[in-house]
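S.K.: please find the sequence and the predicted model below.
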Amino acid sequence: MAKVRIYQLAKELGMENKELMELLDTMGVEYKSHASTLDEETAAAVKEIVAEQKGLEEKKKAEEARAALPKRPPVVTIMGHVDHGKTTLLDYLRHSRIAEREAGGITQHVGAFTVETPQGKIVFIDTPGHEAFTTIRERGARVADIAVIVIAADDGIMPQTKEAIAHAKAAGVPMIFAINKIDLPRADVDKVMQDLMKEGFVPEAYGGDAIVVPISAKTGENVDELLDMILLVAEMEDLRADPEAEPRGVILESKRDKQAGVLVTLLVQEGTFRVGDYLVAGDVWGKIRAMIDPDGKQVKEAPPGTAVQVLGFRDLPEAGTAVEWVPDEVAAKHIAEERQEERKAREQEEAERRKVKSMADLLRQMQEGQKAEINLILRADTQGSLEAIKGILAKEETEDVKINVLLEAVGAPTEGDILLASTTENAAILSFGVNPPGSVKKKAEQKGVLLKSFRIIYDLIDEVREMVRAQTEPEMKEEVVGHAEVRAVFKLPKGGKVAGCMVTDGKIVRNAEIRVLRGGEEIWSGRIDSLKRFKDDVREVAAGYECGIRLAGFDDFQEGDVLEAVRQVEVSEAQ
Ligand SMILES: Nc1nc2c(ncn2[C@@H]2O[C@H](COP(=O)(O)OP(=O)(O)OP(=O)(O)O)[C@@H](O)[C@H]2O)c(=O)[nH]1
């Protein structure tokens with residue numbers, strides 16, 4: 001960047017000359033008039049300051065715009081250990097809500113429902129506990145603004161409680177702890193509080209800031225207080241959404257109904273979805289034919305913070321997928337098709353990656369994974385040999401490598417074993433005393449599954465030992481890439497010697513290791529310093545061509561010496 005005059009820079013930055021000069025004054029830059037030149041550094045500093053000011057202004061504007069948006073109800077997920085009372089709490093909330101209403105339609109299970117309190121609405125997501133696999137639980141946390149962690153007062157913090165806390169933490173979702181079942185005589189709220197403190201959450205009652213509400217989901221005791229706390233946290237989170245913005249949401253559930261076709265529950269997060277709108281969720285598109293609210297009533301519009309059942313998706317979108325609004329059918333189809341292709345390509349890539357072509361691949365894959373695990377399928381001639389193999393293998397585990405036996409069985413490996421191995425990371429099939437049929441071997445090759453047979457138990461153990469060992473250090477092997485014969489030796493004016501060579505077979509590559517052989521004996525080994533064809537540096541020279549070679553640290557060449565080029569390669573075929 002060259003020097004620039006003040007008026008030029010002002011124009012470039014869209015400022016008045018006066019404005020820029022004022023800025024220069026505050027920066028302590030001296031100038032005579034708006035025609036003065038600024039040096040490169042000053043101009044860059046000015047630009048930086050202006051950009052920063054603009055950024056701040058924009059941020060302020062965005063904040064102001066947000067503050068003008070209407071508030072939206074918080075979306076809450078209830079998580080916790082098995083049997084701690086998630087379902088009971090959800091049922092209580094759902095019924096309390098229905099009881100307050102006049103008999104409307106039939107309650108629909110749409111994966112979410114709204115509770116109305118005098119202070120405002122709350123949306124609860126109610127993915128059934130037993131269906132809540134880790135991934136969905138995880139998604140639940142992300143969809144939600146607040147997580148209520150239910151902990152039974154007679155049981156305390158359990159593994160899934162910790163998991164729920166971890167998910168909520170990872171998603172950056174604020175937590176409220178509901179200590180449940182306080183109606184039970186053996187309830188020990190204090191113990192749960194102690195448990196929480198051990199996890200780093202100090203309850204307000206103990207001077208901390210963790211929100212803890214003792215409740216009974218069964219009797220409803222204190223549930224109102226829990227709702228108050230949820231609204232309090234929501235208030236602090238300042239949740240807002242623009243009903244006029246481009247609509248977007250997330251899929252809570254999706255299923256296929258014999259009569260209605262694809263039924264999808266959608267949580268609206270921004271904007272307003274309307275009947276007739278086109279939408280895309282992942283690689284599935286649809287047109288909203290009808291929307292049904294949690295009370296079973298047909299609605300024409302779904303504003304932010306509502307969960308509705310949507311009819312009109314062409315296929316089943318996955319729960320947890322983001323839903324976008326698109327202007328028309330052409331766009332909807334186009335985006336969905338594009339994503340389908342992307343997905344196919346990804347899947348293909350994944351399948352390729354999974355194909356274990358060799359032991360080296362297997363080992364490499366193991367290294368990529370953080371915790372190395374070898375997954376074995378063991379096949380043997382008798383139960384006795386299986387026991388023996390397993391007994392020895394148990395001792396081969398190290399701190400870094402875990403040996404899992406996925407399956408052990410008497411008899412030859414089957415196609416089923418190949419399937420199992422091909423769908424498991426780092427899996428291999430080892431058989432002892434039994435031979436796999438040809439068709440199974442072929443299948444293993446096709447699927448890229450490592451399948452090996454042994455006659456001696458210790459060979460099998462050695463194989464596993466090797467797999468464990470190679471986990472930290474891939475097995476390398478030397479490969480001869482070519483030979484060159486020294487035909488003449490030239491002295492360089494600045495000292496040192498160059499060997500004038502003829503490449504007799506293979507090729508000589510610049511980055512190879514070189515062994516100098518004299519009379520068949522190795523007399524030196526090391527690296528190439530320079531490889532030239534005439535005056536040019538080259539990367540490799542093929543058989544039948546002449547070249548000049550200088551070695552790093554050796555120049556005692558004699559005519560007739562043979563230079564052997566070798567390189568280290570990872571063992572690719574251990575069979
Ligand atoms: N006494 C008492 N029992 C409760 C309370 N809440 C739940 N229970 C009982 O505890 C048991 C488990 O409750 P659920 O609501 O099914 O627990 P959950 O956490 O949904 O369990 P999963 O869905 O299996 O993960 C049931 O027998 C409930 O009746 C409570 O506040 N007091």
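M.R.: That came through, no problem. Residues are numbered from 1 along each chain as shown.

S.K.: quick one: low-confidence parts of the stretch 251-400 of the chain?
M.R.: Within the stretch 251-400 of the chain, the stretches with pLDDT under 70 are 350-371.

S.K.: in it, what residue lies closest to the ligand?
M.R.: residue 253 (16.1 Å; C-beta to the nearest ligand atom). Where you see a C-beta, it was placed from the backbone N, CA and C, and this is true even at glycine.

S.K.: following the helix or strand bottoming out on mean pLDDT in the chain, which helix or strand comes up?
M.R.: Within the chain, judged by mean pLDDT, DSSP states H and E, the helix or strand with the poorest mean is helix 134-143; its value is a mean of 48. Counting by DSSP states H and E, the element after helix 134-143 in chain order, helix or strand, is strand 146-152.

S.K.: what's that next one packed up against?
M.R.: Judged by 3 or more C-beta pairs under 8 Å, 6 or more residues apart in numbering; DSSP states H and E, the packing partners of strand 146-152 are strand 75-80, helix 86-99, helix 159-171, strand 175-180, helix 189-198, helix 223-237.

S.K.: repeat the analysis, applying 10 Å as the threshold.
M.R.: strand 75-80, helix 86-99, helix 134-143, helix 159-171, strand 175-180, helix 189-198, strand 211-214, helix 223-237 (3 or more C-beta pairs under 10 Å, 6 or more residues apart in numbering; DSSP states H and E).

S.K.: confidence-wise, which of the ones you listed is weakest overall?
M.R.: Among the helices and strands packed on strand 146-152, helix 134-143 has the lowest mean pLDDT, at a mean of 48.

S.K.: related to what we said a few turns ago, partner residues bridging the residue of the stretch 251-400 of the chain closest to the ligand?
M.R.: residue 265 (DSSP bridges).

S.K.: by contact count, what packs against the lengthiest strand in the chain?
M.R.: If you go by DSSP state E, the chain has its longest strand at strand 476-491. Judged by 3+ C-beta pairs under 10 Å, 6+ apart, the packing partners of strand 476-491 are strand 497-509, strand 513-518, strand 540-542, strand 546-551, strand 562-570.

S.K.: list the buried ones in that strand?
M.R.: Buried residues in strand 476-491, counting neighbours by 16 or more other C-beta atoms under 10 Å, are found at 481-486, 489.

S.K.: residue 201 against residue 161, yeah?
M.R.: No. With contact taken as C-beta atoms under 10 Å, residue 201 and residue 161 are classed as non-touching, separated by 11.2 Å.

S.K.: which residues do those two both contact?
M.R.: Common contacts of residue 201 and residue 161 (C-beta atoms under 10 Å, 6 or more residues apart in numbering): 149, 177, 195.

S.K.: which one of these sits closest to residue 228?
M.R.: residue 177 (14.7 Å; C-beta to C-beta).

S.K.: if you skip the residues just before and after it, what's nearest to that closest one?
M.R.: Excluding its sequence neighbours, the residue lying closest to residue 177 (C-beta to C-beta, 6 or more residues apart in numbering) is residue 212, at 4.6 Å.

S.K.: give me the number of residues near the closest residue to residue 210 other than its chain neighbours?
M.R.: In this structure, residue 210 finds its nearest non-sequential neighbour in residue 201, 3.8 Å apart by C-beta to C-beta, 6+ apart. The tally of other residues near residue 201 (other C-beta atoms under 10 Å) stands at 20.

S.K.: give me the pLDDT value at residue 201.
M.R.: The predicted local confidence for residue 201 is 93.

S.K.: contacts only, for it.
M.R.: 149, 157, 165, 175, 177, 193, 195, 208-212 are the contacts of residue 201 under C-beta under 10 Å, 6+ apart.

S.K.: how about residue 76?
M.R.: Counting by C-beta under 10 Å, 6+ apart, residue 76 has contacts 93, 112, 115, 122-126, 140, 144-148, 173, 176, 226-227, 230, 233-234.

S.K.: can you tell me how far the closest residue to residue 91 other than its chain neighbours is from residue 86?
M.R.: Using C-beta to C-beta, 6+ apart and skipping residues adjacent in sequence, the residue nearest residue 91 is residue 217, 7.9 Å away. With the distance defined as C-beta to C-beta, to the nearest Å, residue 217 ends up 8 Å from residue 86.

S.K.: between these two, which contacts overlap?
M.R.: 78, 150, 178, 180.

S.K.: out of these, which is nearest to the ligand?
M.R.: Using C-beta to the nearest ligand atom, the shared contacts of residue 217 and residue 86 come closest to the ligand at residue 180, 4.9 Å.

S.K.: would you agree that closest one is in contact with residue 87?
M.R.: No. Look at residue 180 against residue 87 with C-beta under 10 Å: they stay out of range, at 11.2 Å.

S.K.: what is the lengthiest helix in the chain packed up against?
M.R.: Ranked by number of residues, the top helix in the chain under DSSP state H is helix 40-67. For helix 40-67, the elements it packs on are strand 4-5, helix 6-13, helix 17-27, strand 37-38, judged by 3+ C-beta pairs under 10 Å, 6+ apart.

S.K.: residue 334 belongs to a strand?
M.R.: No. Assigned with DSSP: H, G, I helix; E, B strand; the rest coil, residue 334 falls outside any strand and is helix.
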